[in-house]
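Undergrad: following is a predicted model, sequence given first.
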Amino acid sequence: MTLDRITIDPEVMSGQPCIRGLRIPVSLILRLLSIGKTIHQVLKDYPELEEEDIRQALSFASWATTEKTIPVTA
């Protein structure tokens, strides 16, 4: 899986994962889709985005939420 459109830069949006260094965080894309906006509506609202940006935002969210933490007991 390639996520070359997702950037994390401490100088942009306080280090939140963003789309291609733009000040559009992945969380905004997820929020818009979760309230029922379609990909095409998001693209209309944010013309600087491309469909692949949204697809990678979804892939990133999927990857980020499947990371596992294994508790270690002493």
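TA: That came in fine, so what should we check first? Numbering: from 1, shown residues only.
Undergrad: quick check, pLDDT for I35.
TA: Note on I35: pLDDT of 98.
Undergrad: give me every residue that touches S14.
TA: S14 makes contact with no residue, according to C-beta atoms under 8 Å, 6 or more residues apart in numbering. Yep, even glycine has a C-beta here, placed from its N, CA and C like the rest.
Undergrad: per-residue pLDDT, T66?
TA: 86.
Undergrad: measure it to M13 for me?
TA: Computed with C-beta to C-beta, to the nearest Å, the distance linking T66 and M13 is 23 Å.
Undergrad: more neighbours: these two, which one.
TA: The neighbour comparison of T66 against M13 (other C-beta atoms under 10 Å) goes to M13, with 19 against 7.
Undergrad: for this protein, which residue occupies the most central location?
TA: V26 (2.5 Å; C-alpha atoms, centre = their mean).
Undergrad: and Q41, what does it touch?
TA: L32 are the contacts of Q41 under C-beta under 8 Å, 6+ apart.
Undergrad: circling back to that earlier point, what score does the residue nearest to the centre of the chain have for pLDDT?
TA: Per the predicted model, pLDDT is 98 at V26.
Undergrad: list the contacts of it.
TA: Neighbours of V26 in contact, by C-beta under 8 Å, 6+ apart: 6, 16-19, 57, 60-61.
Undergrad: go again using 7 Å as the cut-off
TA: The contact partners of V26, taken as C-beta atoms under 7 Å, 6 or more residues apart in numbering, are 6, 17-19, 57, 60-61.
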